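Engineer: sharing a model that was predicted from the sequence below.
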Amino acid sequence: MKWPDVHNYLDYRIFLSDWLQWKKALSPRFSHRGFVRRVGQKSPSLLVDIVAGRRSMTPDMITSFAKEMKLRFITRVAILCVKQPL
């Protein structure tokens with residue numbers, strides 16, 4: 001599976017879902033709960049809730065998620081623009 005490029009998405013939830021699938025395929029030991037813990041969030045179902053549309057990402061969440069996802073700064077800006085179009 002190829003790394004999902006955020007510049008190809010209009011919906012950050014779809015990007016996040018595809019990134020999670022890519023990460024799981026790359027590293028079978030990857031877990032949503034572990035990711036959420038590493039970014040300093042409390043709710044173990046946060047990622048699932050964001051992808052399902054039950055929760056939204058705040059700009060602070062985007063920053064911490066992007067750092068954990070090892071995304072470059074320009075990609076972080078793109079996610080902010082996809083989340084909140086100009």
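Structural biologist: Done, it's in.
Engineer: how would you label residue 10: helix, strand or coil?
Structural biologist: The three-state label given to residue 10 by DSSP: H, G, I helix; E, B strand; the rest coil is coil.
Engineer: pLDDT score for it?
Structural biologist: Among the per-residue scores, residue 10 holds a pLDDT of 81.
Engineer: please apply the same query to the one 10 residues further on.
Structural biologist: In the predicted model, residue 20 carries a pLDDT score of 91.
Engineer: what's the answer for residue 34, then?
Structural biologist: Per-residue confidence (pLDDT) for residue 34: 93.
Engineer: any idea how far residue 6 is from it?
Structural biologist: Residue 34 sits at a distance of 22 Å from residue 6 (criterion: Cβ to Cβ, to the nearest Å). All C-beta spots, glycine's among them, are computed from the backbone N, C-alpha and C.
Engineer: now residue 66
Structural biologist: Using Cβ to Cβ, which is the criterion applied here, residue 66 is 9 Å from residue 6.
Engineer: likewise for residue 31?
Structural biologist: The separation that residue 31 has from residue 6, given Cβ to Cβ, amounts to 22 Å.
Engineer: next, residue 65: phi, psi?
Structural biologist: In this entry, residue 65 is assigned phi and psi values of phi -60, psi -50 (degrees, to the nearest 10).
Engineer: distance check, it against residue 19.
Structural biologist: Remark: distance between residue 65 and residue 19 (Cβ to Cβ) = 9 Å.
Engineer: so those two - more neighbours on which side?
Structural biologist: Higher neighbour count among residue 65 and residue 19: residue 65, with 24 against 19, using other Cβ atoms under 10 Å.
Engineer: correct me, but that one touches residue 39?
Structural biologist: Yes - at 5.8 Å, residue 65 and residue 39 qualify as touching, with contact defined as Cβ atoms under 8 Å.
Engineer: and residue 42, what is it in contact with?
Structural biologist: Listed by Cβ atoms under 8 Å, 6 or more residues apart in numbering, the contact partners of residue 42 are residue 36.
Engineer: noted, bye for now.
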